[in-house]
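J.: Just the structure for this:
(one chain, ligands or ions: 2)
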Amino acid sequence: MKKLGFIIIRKPFSAHTHLRQGKELADVLPSSNIYGAVVCMGNIQPPVSDFQGVRKYRAEIIRQNPQFLPILTLMLTKDTTAETLKRAREEGIRVVKFMPDAATTNALSGITLPDLEKFYPVIGEIKRLNMIFSGHWELAVDPKTGKEIPYSEREEAALPYFDKLVKAFPNMNIIFEHVSTAAAVEFIKATPANVAATITAHHISKTHKDVFGADGKIIDPHYFCYPVLKKEGDRLAVASAYANPKFFFGPDDAPHPKERKMGDKPAGGIFSPAFIALPTVLEVCEELGLVEHFERFVSLRGPTFYDLQPPPEKESRSRYCRQRRQY
Ligand code: DOR
Ligand code: ZN
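T.: Numbers count the residues shown, from 1 in each chain. Ligands and ions are numbered 1, 2, ... in the order given. Model prediction:
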């Protein structure tokens, strides 16, 4: 029987959550209260892509829970202009999220990775306004052959586009969301301090064997997400990156209704609420002998990168049981 213990840390920070809308929002919001602050992705319908959308979504969240302070993101779309960004910035938005079309659930951007360069003038405004460029880095279709790239190879295939962006915009704050491969971890480690990456609980605790059978078919849709879970070597490389100050916690809590997860083509996204994700991270930290980095990883580095006040030292400490991981 595993011995249970506990650890006391300052309020954790979720740098990547999908709160959804309507009833789903009501269902998932309470579990996000555990966090001191939550970065909420705007890939709802219609996407949060201008200041009116920001106001509407913020009001919907706050109506459900007036105490909750969401950090909203503006979705980069093919219609985003310098003016869109300026108005969003005036509305208090700090983060612009890029989800390439065809790569993930509800991307709706109209921009593919090979197209991204065409949007560099708009991205220049993101930098000028001192906003954060948060990206989903996966290439779904090979631009040379027009063929779909296998899920497991998409993140690595996106690295040249990421590299180009990092070089084109020195000093812009850039996040590589939900890093899932050893190759990307190595790449990010070599970038300057303005570049960081988030890590989920699922990419460090599970592998592709938990999702796909030997024939490549999905055996457990609840573990199907973008980017897909990778091999054991990738899991270990990503988990070991806790110890590096460039990496912080972004659980990518992405719930879907049961009927969307259980059909022939399950929606990508893992329900990973705080009460599961945090003990999971702690357990993996423990396995790797990295517990000393846990508080920095889940509570401190995220707010620092987002230029927020770190959570107060005393009043808002949280207790987490080390419990058996139960997904
Ligand atoms: O698995 C994912 N689900 N990855 C994403 O990038 C989007 C998310 C969602 O919104 O369901
Ligand atoms: Zn996400």
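J.: Just the closest residue of the stretch 151-300 of the chain to ligand 1, please.
T.: Per CB to the nearest ligand atom, residue 269 is where the stretch 151-300 of the chain lies closest to ligand 1, at 2.9 Å. C-beta: built from backbone N, CA, C; applies to glycine.
J.: and the nearest residue to that residue once chain neighbours are set aside, how many neighbours does it have?
T.: Distances taken as CB to CB, 6 or more residues apart in numbering place residue 254 nearest to residue 269, at 3.1 Å, with adjacent residues excluded. Neighbour count of residue 254, defined by other CB atoms under 10 Å: 27.
J.: Just confirm residue 254 contacts residue 222, I think it does.
T.: No. Look at residue 254 against residue 222 with CB atoms under 8 Å: they stay out of range, at 11.2 Å.
J.: The stretch 201-327 of the chain against ligand 1: which residues are in contact?
T.: Contact residues, the stretch 201-327 of the chain versus ligand 1 (CB under 6 Å from any ligand atom): 225-226, 254, 268-269.
J.: How far off centre is stretch 99-107?
T.: 13 Å (CA atoms, centre = their mean, to the nearest Å).
J.: Can you say which helix or strand has residue 58 in it?
T.: With the criterion set as DSSP states H and E, the secondary-structure element containing residue 58 is helix 51-64.
J.: Can you tell me what sits against that helix?
T.: With contact meaning CB atoms under 8 Å, 6 or more residues apart in numbering, helix 51-64 is reached by 19, 21, 25-26, 29, 40, 42, 44, 46-48, 68, 70, 72, 74, 84, 87-88, 90-93.
J.: Ok, stretch 212-225 next?
T.: Here stretch 212-225 makes contact (CB under 8 Å, 6+ apart) with 202, 206, 210-211, 228-229, 252, 254, 261-262, 266-271, 327.
J.: Show me which of the residues you listed are buried.
T.: Buried residues within these, defined by neighbour count using 16 or more other CB atoms under 10 Å: 202, 206, 211, 228-229, 252, 254, 261, 266-271, 327.
J.: Figure out the helix or strand that residue 43 lives in.
T.: Going by DSSP H and E, residue 43 is not part of any helix or strand.
J.: End to end on stretch 202-219, go ahead and measure it.
T.: One end of stretch 202-219 sits 16 Å from the other (CA to CA, to the nearest Å).
J.: Go through it and flag the buried ones.
T.: Judged by neighbour count (16+ other CB under 10 Å), stretch 202-219 contains these buried residues: 202-208, 211-212.
J.: Over to stretch 236-250?
T.: Going through stretch 236-250 with 16+ other CB under 10 Å, the ones that come out buried are 236-242, 244, 246-250.
J.: same check, this time on stretch 50-70
T.: Residues of stretch 50-70 classed as buried under the neighbour-count rule (16+ other CB under 10 Å) are 50-51, 53-54, 57-58, 61, 68, 70.
J.: Need the max-distance pair from the residues you listed.
T.: The most widely separated members of those, counting by CB to CB, are 50 and 68 (22.3 Å).
J.: what helix or strand is the nearest residue to residue 35 once chain neighbours are set aside on?
T.: For residue 35, the nearest residue in space outside its immediate sequence neighbours is residue 14; the separation is 4.5 Å by CB to CB, 6+ apart. According to DSSP H and E, residue 14 maps onto strand 13-17.
J.: and that strand, is it in reach of ligand 1?
T.: No. For strand 13-17, no contact with ligand 1 is found by CB under 6 Å from any ligand atom; the gap never falls below 8.7 Å.
J.: can you pull out the strands in this structure?
T.: Assignment of strands within the chain using DSSP state E yields the ranges 6-10, 13-17, 37-40, 70-75, 95-98, 132-135, 173-176, 195-199, 247-249, 317-321.
J.: Which of the ones you listed has the lowest mean pLDDT?
T.: Mean pLDDT per stretch puts strand 317-321 lowest among the strands of the chain, at a mean of 45.
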